[in-house]
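Enquirer: Give me coordinates for this.
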Amino acid sequence: MTYLRSLLTTTLAISTVALGLSACTNAQTDADTQSAVASAEDISAALKSATDRAKESTGPGSPALWSISDDDTTVYLFGTIHLLRPETQWRTEAFNQAFERADTLYLEVDTTSAEGQAAVQRIVAQEGMFAEGETLMGVLDDEEEATLMATMGPMGATADAINGFKPWLLGLQLSVGSIMQAGYDPNKGVDTLLASEAKLEGKTLKYLETIERQIGVLSSADMDEQIDGLMVTVETLNLGTEFVDVLASEWADGDVTGLTATMADPLVFGGQEGYDALMVDRNRDWIPAISSALDEPGVKFVAVGAGHMVGPDSVIAMLKTEGLSAQRLQ
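Expert: Residues are numbered from 1 along each chain as shown. Below you'll find the model as predicted:
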C-alpha cells in the first residue's frame with residue numbers, strides 16, 4: 001500500500017507529466033500533427049529550463065513555513081515533498097514547535113486510514129485498470145508498443161504483466177518507480193511522517209479533497225491523451241531523477257523562487273490545461289477549507305505538496321486575494 005499511496009500523493013512535476021493531461025496534445029488546432037516525440041522534446045526542454053532557472057537562486061536553508069492568524073486561531077502552512085531521500089535533513093526547531101502546537105492536521109487526501117486505503121484500492125481498480133476484454137496493447141499502435149517495451153523490457157516487465165493497466169496509471173508507476181529507484185522513499189515523505197505523528201499525538205486529521213477527486217484529475221483524460229502522456233513519460237524518464245533532485249534541494253533550502261521555477265511553470269506540466277487541472281483548480285478548491293480553519297479556535301497545520309505553495313496561482317497567493325496575508329516564519 002505504501003507504493004500505491006505514493007502514486008496518488010506524488011504531485012512532483014516529473015510524475016504529473018505521465019498523466020495524459022498535457023496541453024501539448026491540444027496546443028495545435030490539428031492534433032494529428034502533434035507527435036509524441038515532439039511533445040517529449042517540448043517537455044524535455046521545459047524541464048531543463050526549469051532546473052536551470054531553479055539553480056540560479058538560493059533560500060535561507062530550511063523549508064518554507066508560513067502562518068495566518070486571527071485573535072484565537074493560528075493556521076500554519078507548509079509545503080511538503082511526498083518522497084524524500086532518507087538522509088535529507090529538513091526539520092527545524094521552528095517547524096517542530098509549530099507542529100507540536102497544532103491540534104489539527106490538514107492533508108491533501110486520506111490514504112492512511114483503513115477506509116482511505118480501501119478507497120484507494122477500489123478506485124484505482126475502477127479507474128486505472130482496463131475492463132475485461134480490453135488491454136493496453138489493444139489501444140497502442142505497433143510503434144507505441146515497441147517504444148514502451150524497449151523501456152519496460154529491461155526492467156523485467158512483460159507485455160502480459162502490464163496489459164491490464166490504463167496508460168495514465170502505468171505512466172505514473174514508471175515515473176514514481178524511477179524516482180524510488182534513485183533512492184527516494186515514500187516512507188520518508190513529509191506527508192506520511194506527519195500523518196503518523198499526528199495520529200500518535202492524538203491530533204485531528206482533516207483532508208482537503210477526496211480520493212475520488214484526486215484520481216479524477218489523474219484519470220479523466222481521454223484514451224488518446226493518456227497514450228500521448230505515456231509516450232512522453234517513456235521519452236523523458238531519464239530526466240526524472242535530475243529534476244526531482246533539484247526540486248528536493250530547492251525545497252529543503254526554502255528557495256521559493258527556485259520552487260516557483262520548477263512547479264509554477266505550465267510548460268513543465270505540458271501546458272496550461274494540465275497545470276490548471278493539477279495545480280490551479282485544486283488550489284482554488286482548497287481555499288474555503290483553509291480560510292474557514294480560522295473560524296475554529298486553536299492551532300491548525302496545513303501540509304500539502306510544495307508546488308501548491310509557490311507562484312502566482314498558489315494557495316498563498318489565493319489566500320491573499322481573500323484578505324489573508326500569510327507571514328513567512330522560515
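Enquirer: looking at the sheet around residue 74, what are its partners?
Expert: Residue 74 has these beta-bridge partners by DSSP bridges: residue 69, residue 299.
Enquirer: so it makes contact with residue 67?
Expert: Yes. Between residue 74 and residue 67 there is a contact under Cβ atoms under 8 Å: 5.7 Å. To be clear about C-beta, it is placed using only N, CA and C from the backbone, and glycine gets the same treatment.
Enquirer: For stretch 144-151, which residues meet the burial criterion?
Expert: For stretch 144-151, the neighbour count (16 or more other Cβ atoms under 10 Å) marks 144, 147, 148, 149, 151 as buried.
Enquirer: just the residues you listed now: which is nearest residue 227?
Expert: Of all the buried residues of stretch 144-151, residue 227 sits closest to residue 144, with 6.5 Å by Cβ to Cβ.
Enquirer: Just to check, the closest one is in contact with residue 231?
Expert: Yes. With contacts counted by Cβ under 8 Å, residue 144 reaches residue 231, the gap being 6.1 Å.
Enquirer: Tell me which other helices or strands the host helix or strand of residue 232 touches.
Expert: For residue 232, the element it lies in under DSSP states H and E is helix 223-236. Counting contacts by 3 or more Cβ pairs under 8 Å, 6 or more residues apart in numbering; DSSP states H and E, helix 223-236 is packed against helix 36-54, helix 142-152, helix 167-181.
Enquirer: tell me the angle it makes with helix 167-181.
Expert: Taking axes from the mean of the first three to the mean of the last three Cα atoms, to 10 degrees, helix 223-236 and helix 167-181 form an angle of 20 degrees between their directions.
Enquirer: So which bits of helix 223-236 are buried?
Expert: For helix 223-236, using 16+ other Cβ under 10 Å, the buried residues are 225, 226, 227, 228, 229, 230, 231, 232, 233, 234, 235, 236.
Enquirer: Starting from that helix, tell me the next helix or strand along the chain.
Expert: helix 240-253.
Enquirer: Now find how far off-centre the helix or strand following that following helix is within its chain.
Expert: Later in the chain than helix 240-253, the nearest helix or strand by DSSP H and E is helix 256-263. Relative to the centre of its chain, helix 256-263 is centred 14 Å away, using Cα atoms, centre = their mean, to the nearest Å.
Enquirer: what residues does helix 256-263 touch?
Expert: Helix 256-263 is contacted from outside by 13, 50-51, 53-59, 64, 79, 243, 246-247, 250-251, 268, 279, 306-307, 309-311, using Cβ atoms under 8 Å, 6 or more residues apart in numbering.
Enquirer: Also stretch 233-248?
Expert: Taking contacts as Cβ under 8 Å, 6+ apart, the residues outside stretch 233-248 that touch it are 12-14, 17-18, 36-37, 40-41, 43-44, 47-48, 50-51, 54-55, 81, 83-85, 88, 147-148, 151, 171, 174-175, 178-179, 182, 184, 258-259, 262-263, 306.
Enquirer: Show the buried residues in these.
Expert: Here, 16+ other Cβ under 10 Å leaves 12-14, 17-18, 36, 40, 43-44, 47, 50-51, 54, 81, 83-84, 88, 147-148, 151, 171, 174-175, 178-179, 184, 258-259, 262-263, 306 buried among these.
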